[in-house]
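Novice: Could you look at this predicted model? Sequence included:
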Amino acid sequence: MATKDTKPWLDTSDPQKFINNTAKFNDLMMMYRCAIREVRTKLEVLDDEFSVENQRNPISFIKTRIKKPESIYRKLQKLGCEFTPDNIVTQLHDVAGIRVVCAFVDDIYTIADLLASQDDITVLQVKDYIKNPKPNGYRSYHMIIEIPVFFSRGKTPMKVEIQIRTNGMDFWATLEHQLRYKKGIEQMDGYEEVSKELMECAVAVINMDNEMQNIKNKIGKFHDI
Ligand code: 0O2
């Protein structure tokens, strides 16, 4: 199976070997795409069922992505690992990524619990940046799960990173990512002030999320929502 190959991929001295390795990389990425499809279907089923019972959708939208080859390469390099199929599978947990954007904060935990309780899903890691936000104000609920995917050659457990957040958290994180995250702009003049302002925006989003949750709780006393 593709994941047992431990030889580095970037050796271009043998063109045929390079071509074969590219095919192996594509095969692995296909496996991650299939894992995403499986998890996405589970999320859509939960959302659908909830909407029939409660006349509203807890999930606003779902975004998926496969990590780009250059990001995979850079991350492995950072970890001091060769660019091999084996290292991609064993060292990286976010090659397949799903972002689930929810209406309310309690929807996040409902979706996370319902997913975690499914018996073909193994939760490998949880990082709750909602209860424990990052120092810069980032909030989101992160899970690394493993899900079996059935290929013609057999069943393969695949890892998927799931980020679950509210619309507000997503709005903040998306803009912050564009403006600052990963760009190494810590050296720029006025960086501290920008960080402070971004933090103020994060606090405004927290207040708005909490306020919307309170309103929902009040209405929830009279109606199932
Ligand atoms: P991309 O481009 O979104 O894939 P690791 O993933 O192991 O390198 P870490 O910090 O242990 O890093 O994982 P963590 O904390 O679970 O965060 C991983 C992902 O969460 C990031 O993926 C981002 O998508 C998101 N994230 C984490 N911190 C921040 C933040 O401060 N701001 C924003 N906007 N997003 C954040 P990648 O691979 O870094 O990026």
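Specialist: Perfect, I can see it now. All values reported here derive from a predicted model rather than from experimental measurement.
Novice: rest of the way, CA atoms for contacts and neighbours
Specialist: Will do.
Novice: roughly how far is the longest helix anywhere in the chain from the heart of the chain?
Specialist: Secondary structure of the chain per DSSP state H: the longest helix is helix 15-54. With Cα atoms, centre = their mean, to the nearest Å as the basis, helix 15-54 stands 13 Å off its chain's centre.
Novice: for whichever helix or strand comes after that helix, packing partners?
Specialist: Counting by DSSP states H and E, the next helix or strand C-terminal to helix 15-54 is strand 59-66. When contacts are defined as 3 or more Cα pairs under 8 Å, 6 or more residues apart in numbering; DSSP states H and E, strand 59-66 sits against helix 15-54, strand 96-102.
Novice: One more pass at 7 Å, please.
Specialist: strand 96-102 (3 or more Cα pairs under 7 Å, 6 or more residues apart in numbering; DSSP states H and E).
Novice: Would you mark the buried spots in the strand it packs on?
Specialist: 96-102 (16 or more other Cα atoms under 10 Å).
Novice: Near the closest residue to F50 other than its chain neighbours, how many residues? Count them for me, please.
Specialist: Among residues not flanking F50 along the chain, N57 sits closest, at 6.6 Å (Cα to Cα, 6 or more residues apart in numbering). Neighbour count for N57, taken as other Cα atoms under 10 Å: 19.
Novice: Could you list the paired strands of the longest strand anywhere in the chain along with their orientation?
Specialist: Secondary structure of the chain per DSSP state E: the longest strand is strand 154-166. Strand pairing for strand 154-166, determined by DSSP bridges: strand 96-102 (parallel), strand 141-151 (antiparallel).
Novice: Is the helix or strand just after it positioned near the ligand?
Specialist: Per DSSP H and E, the first helix or strand lying C-terminal to strand 154-166 is helix 167-179. Yes: using Cα under 6 Å from any ligand atom, helix 167-179 reaches the ligand at 173-174, 176-177.
Novice: Run the chain-centre distance for helix 167-179.
Specialist: Centre-to-centre, helix 167-179 and its host chain are 14 Å apart (Cα atoms, centre = their mean).
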